[in-house]
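Trainee: Predicted coordinates and the sequence they were generated for:
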Amino acid sequence: MRGDGARRCDILIRNATLLPMAETREILLGGFVAVSGHLVADVGLEGDAGTGWTAPCEIDAQGAIVHPGFIEAHLHVNAQTCRGYFRGDASRGATGGPNYADWKAALDPEDEAAATRLAAVELLRHGFTCFVEPGSAFEPDAVVEAAGAVGIRCSVADPYLWDDTAIMQVIGGLASDALFARVPPTRERCLSALGGQLFRNRDEDGIAHGHVALYGEGTASDELMRAAKALADREGVILNTHLGFDAGVVTAMERALGQSRFAHLAGLGVVGPNTTFVHMNILRDDEVGIVQETGPSIVWCPQAYVSRGLPLIAPTRLPALKRAGVAVALGTDSARQSSLGDAMFLAVQLSAEAGAGLAAEDVIEMLTLHGARAAGLDHMLGRLAPGFRADLVIRGRGVIELGPCIDPAHQLVTVGHGPTADTVLVNGRIVMRGGRPTKVDEMSVIDAAQRSARSVAGRLGLPPPGRWPRITAS
Ligand SMILES: [Zn+2]
């Protein structure tokens, strides 16, 4: 509406194929979103009388898909630059030398920032507006600052809280003397560090958040688990932790505890709706019932699931749980040999193999509503509705992979899941336009990531990766 009575907002997006993710899940053909400040002010269908809104910045989506920003619910963001040096198998270096954990231990704050900027731009291009860094960045300040420089939302936690790392010897590549020296596995350190990132939540309008995370996968004592859960309860945030990544670790934990680790944690009283478990690649029959009774979020990382060789020996039960009403989000884990957007495609394909095929609509729920819940941010993210944060994505109208777009959800998840975002808003700010970040220069981001990767490899003495020889012009 451009006549009298129109309300004024800051940004008005019109002519959208809009997926607001409302309770009824309608797709609005000819939909609009009005943005005021950092919030969504209104969402609806544009009628003959217009939208009822005017704005100094009006964006005609030309019928493109518009959706709430996807949430990457588990990303070791500082590992983004080790691509090539460490491929699918976390347990080996490129030449049998330093392992993946040694790489992580060698990162300085500028390395973590360079990796984060690379990941952040990649996320925006794939339609993600938020990522959860699960307590594996040594300098959360560096991650938050780099994410803010690109303009993406994130939630961070204190680095490597673990006080019993014996189980890690089962996966040699994740254990490293250098890593243990940098973040000692002592209860004193962990108990004093717990909650160190929660101050970020005081800025209720910001894009940096804090949560409680323990590394998990059997590396936390009962005392540390209880302390972390009590803190998460008190502060109204999630407790995020790994569990059930690898079959060998799962079996070792069962042997040690006489029951599954998850059943043990439930018995401790540290499992609830504000607990987020990452992986759960292996779930025993008794654990399925506990999940349904206690209501945690689960983050499935399909690439990590494949990387452990699990599809044939332990078909995932998470798609069936999702379809039964459990909150299952999606994550990448570390993007060593996939892009930040491949999880949605893999989820469809791998769930079909497991006999509980996920529909594209299921996957979009996992990326939005369930992702927000897994991050503990479902009161502000995951939907486009008045009062929610204006984190949204306008996909490219001229992208071939998004054609013919007769079925927007299916098209987006199964074919157009690549870097097909055109315009991205985070917290009401335009951070990507025409497929390019607005706040940083892409080439500078790439160059800094390359410099960092070479520098880390040099410090570790890693030769150039890959099987083929390299010839340089003289
Ligand atoms: Zn992880």
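Mentor: Cool, the structure landed.
Trainee: looking just at contacts, which helices and strands does the helix or strand where Arg117 lies meet?
Mentor: In this structure, Arg117 sits in helix 109-125 according to DSSP states H and E. Applying 3 or more CB pairs under 8 Å, 6 or more residues apart in numbering; DSSP states H and E, one finds that helix 109-125 contacts strand 128-132, helix 140-150, strand 421-426, strand 429-433, helix 442-460. In short, each C-beta sits where N, CA and C put it, glycine included.
Trainee: run the last query once more with 6 Å
Mentor: Secondary-structure packing of helix 109-125 (3 or more CB pairs under 6 Å, 6 or more residues apart in numbering; DSSP states H and E): helix 140-150, helix 442-460.
Trainee: Return the angle between stretch directions for that helix and strand 421-426.
Mentor: Computed by axes from the mean of the first three to the mean of the last three CA atoms, to 10 degrees, the angle separating helix 109-125 from strand 421-426 equals 120 degrees.
Trainee: Return the set of buried residues in helix 109-125.
Mentor: For helix 109-125, a neighbour-count test (16 or more other CB atoms under 10 Å) marks 109, 111-125 as buried.
Trainee: now it, how far from the centre of its chain.
Mentor: 13 Å (CA atoms, centre = their mean, to the nearest Å).
Trainee: Determine which residue lies closest to the centroid of this protein.
Mentor: In the chain, the centroid-proximal residue (CA atoms, centre = their mean) is Glu72; its distance is 2.0 Å.
Trainee: Low-confidence ranges, the stretch 251-400 of the chain, go.
Mentor: Applying pLDDT under 70 to the stretch 251-400 of the chain flags no residue at all.
Trainee: neighbouring contacts of stretch 287-297?
Mentor: 260, 262, 266, 271-273, 275-277, 326-327, 373-374 (CB atoms under 6 Å, 6 or more residues apart in numbering).
Trainee: Leaving out the residues flanking it, which one is nearest to Gly382?
Mentor: Ala372 (3.1 Å; CB to CB, 6 or more residues apart in numbering).
Trainee: One more: Gly5?
Mentor: Gly52 (7.7 Å).
Trainee: Per-residue pLDDT of the one you found, please?
Mentor: pLDDT for Gly52: 96.
Trainee: Which pLDDT value goes with Pro464?
Mentor: Per-residue confidence (pLDDT) for Pro464: 86.
Trainee: just to revisit the earlier point, return the distance of the residue nearest to Gly5 relative to Val35.
Mentor: Distance, Gly52 to Val35, using CB to CB, to the nearest Å: 14 Å.
Trainee: the more surrounded of these two?
Mentor: Val35 (27 against 16; other CB atoms under 10 Å).
Trainee: Which of the residues in the helix or strand hosting the more buried one are classified as buried?
Mentor: Assigning secondary structure by DSSP H and E places Val35 in strand 28-36. Neighbour counts over strand 28-36 (16+ other CB under 10 Å) mark 28, 30-36 as buried.
Trainee: For those residues, name the two members farthest from one another.
Mentor: By the measure CB to CB, Gly30 and Ser36 form the most distant pair in the buried residues of strand 28-36, at 21.3 Å.
Trainee: From the recorded domain assignment, give the ranges for this protein.
Mentor: Following automatic domain parsing, the chain resolves into domains at 7-68+385-436, 70-375.
Trainee: Tell me how many other residues surround Gly418.
Mentor: With other CB under 10 Å as criterion, Gly418 counts 16.
Trainee: please renumber so the chain begins at 27
Mentor: All right, first residue 27 from here; so that's Gly444.
Trainee: In terms of pLDDT, where does the nearest residue to Val457 once chain neighbours are set aside sit?
Mentor: Spatial nearest neighbour of Val457, chain neighbours left out: Gly177 (3.3 Å); criterion: CB to CB, 6+ apart. Here, the pLDDT recorded for Gly177 equals 98.
Trainee: so what's Gly177 up against?
Mentor: 452, 457, 465.
Trainee: Could you report the neighbour count for the last one?
Mentor: Lys465 is flanked by 16 other residues according to other CB under 10 Å.
Trainee: What distance do you get for the closest residue to it other than its chain neighbours to Ala289?
Mentor: In space, and not counting its chain neighbours, Lys465 is closest to Gly177: 4.9 Å by CB to CB, 6+ apart. Noted for Gly177: a distance of 42 Å to Ala289, by CB to CB.
Trainee: can you check Trp188 too?
Mentor: Trp188 is 21 Å from Ala289, by CB to CB.
Trainee: rewinding a little: please work out the angle formed by the directions of the strand holding Val61 and strand 455-459.
Mentor: Using the same axes, to 10 degrees, strand 54-62 lies at 130 degrees relative to strand 455-459.
Trainee: quick one, strands of the stretch 327-476 of the chain?
Mentor: If you assign secondary structure with DSSP state E, counting those that start in this stretch, the strands in the stretch 327-476 of the chain sit at 354-356, 418-421, 447-452, 455-459, 462-463.
Trainee: now, of the ones you listed, which is deepest in the fold?
Mentor: Mean neighbour count (mean count of other CB atoms under 10 Å) peaks for strand 354-356 among those, with a mean of 28.
Trainee: what's that strand packed up against?
Mentor: Under the contact rule (3+ CB pairs under 6 Å, 6+ apart), strand 354-356 is packed against strand 323-326, helix 386-393, helix 395-401.
Trainee: Please point out which parts of the longest one sit buried.
Mentor: Translated: helix 386-393. Within helix 386-393, the residues that count as buried by 16+ other CB under 10 Å are 386, 388-393.
Trainee: which helices and strands sit right next to that helix?
Mentor: Packing partners of helix 386-393 (3+ CB pairs under 6 Å, 6+ apart): strand 354-356, helix 434-440.
Trainee: looking at the ones you listed, which is buried most?
Mentor: Scoring these by mean count of other CB under 10 Å, the most buried comes out as strand 354-356, with a mean of 28.
Trainee: Could I get the full set of helices for the stretch 277-426 of the chain?
Mentor: Counting by DSSP state H, counting those that start in this stretch, the stretch 277-426 of the chain has helices at residues 287-294, 311-320, 328-333, 344-349, 368-379, 386-393, 395-401.
Trainee: how about the nearest residue to Ala127 once chain neighbours are set aside, what does it touch?
Mentor: Excluding its sequence neighbours, the residue lying closest to Ala127 (CB to CB, 6+ apart) is Ser202, at 3.4 Å. With contact taken as CB under 6 Å, 6+ apart, Ser202 is in contact with 127-128, 131.
Trainee: Quick check: ChimeraX command selecting the buried ones in these.
Mentor: Buried residues within the contacts of Ser202, by 16+ other CB under 10 Å, are selected in ChimeraX with:
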select :127,128,131
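Trainee: Which members of the contacts of Ser202 occur in helices, if any?
Mentor: For those, the ones inside helices are 127-128, 131, with DSSP state H as the criterion.
Trainee: of those residues, closest to Cys431?
Mentor: Comparing these against Cys431 with CB to CB places Ala127 closest, at 43.5 Å.
Trainee: Please tell me how far that closest one sits from Glu159.
Mentor: Distance from Ala127 to Glu159, by CB to CB: 17 Å.
Trainee: Repeat that for Arg113.
Mentor: In terms of CB to CB, Arg113 sits 22 Å off from Glu159.
Trainee: Tell me which of the two has more neighbours.
Mentor: Glu159 (28 against 16).
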